[in-house]
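[1] Got a predicted model here, sequence first, then my questions.
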Amino acid sequence: MRHRRKTIKLGRSTAHRDSLLSNQVCSLIEHRRIKTTLAKAKATKPLAERMITLGKRGDLHARRLAISYLKQKDLVKILFEKIAPASANRQGGYTRITKLGPRQSDSAPMAYLEWVDAPLVEVSSADTVSVVKKADKAEKANKVKKEKKAPAAKEKEEKTPATEAEVKD
């Protein structure tokens, strides 16, 4: 019987498990949804919900506790300023686990772990500019390829053999 056994060990040492769960929560904060094994999702969920609770508290001590566990100040800022306020009206149950099929390589059960009240992902202007530049480069490359193909087609048309009427003239 597993009475009073709260920790899901995941076959790792304590330090490795703490690091894994911290990284999982950081990825969840950054990407709003992560795809992981079902066991890791179930182990990560309580920690993610605890971080939201700290974010809803919003005081300096809560922020320092979150930084001490997550180790990334920029993600703690996102947690406290964007994700926690979106869940302000909810009294727990901030995350959801959606089961997926088994992974093809080893048949491990997979799942999505995501925020229930996930705010829309905002794209900074720098990201937008870089995406636009990449799109422009791709369009220019396609135009250059088409222009190179078009003259070649014209040359082929010019080199077609003459008809009998043209040969007699």
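    Thanks, I have it. Numbering: from 1, shown residues only.
[2] Could you chop this structure up by domain?
    Split into domains by automatic domain parsing, the chain comes to 14-115, 125-168.
[3] Determine which stretch of those is the most buried.
    A comparison of the domains of the chain by mean neighbour count, using mean count of other C-beta atoms under 10 Å, puts domain 14-115 on top with a mean of 16. Quick note: C-beta positions are derived from backbone N, CA and C, even for glycine.
[4] Distance check, the residue most central in space within the chain against residue 84.
    In the chain, the residue lying closest to the centroid (C-alpha atoms, centre = their mean) is residue 31, at 4.1 Å. As for residue 31, its distance to residue 84 is 17 Å (criterion: C-beta to C-beta, to the nearest Å).
[5] And the residue nearest to the centre of the chain, what's its pLDDT?
    Looking at residue 31, its pLDDT stands at 96.
[6] cool, and the one 5 residues further on?
    Reading off the confidence values, residue 36 has pLDDT 96.
[7] Okay, and the beta partners of it?
    residue 111 (DSSP bridges).
[8] check contacts around it.
    24, 44, 110-111, 113 (C-beta atoms under 8 Å, 6 or more residues apart in numbering).
[9] repeat that with 7 Å
    24, 111, 113 (C-beta atoms under 7 Å, 6 or more residues apart in numbering).
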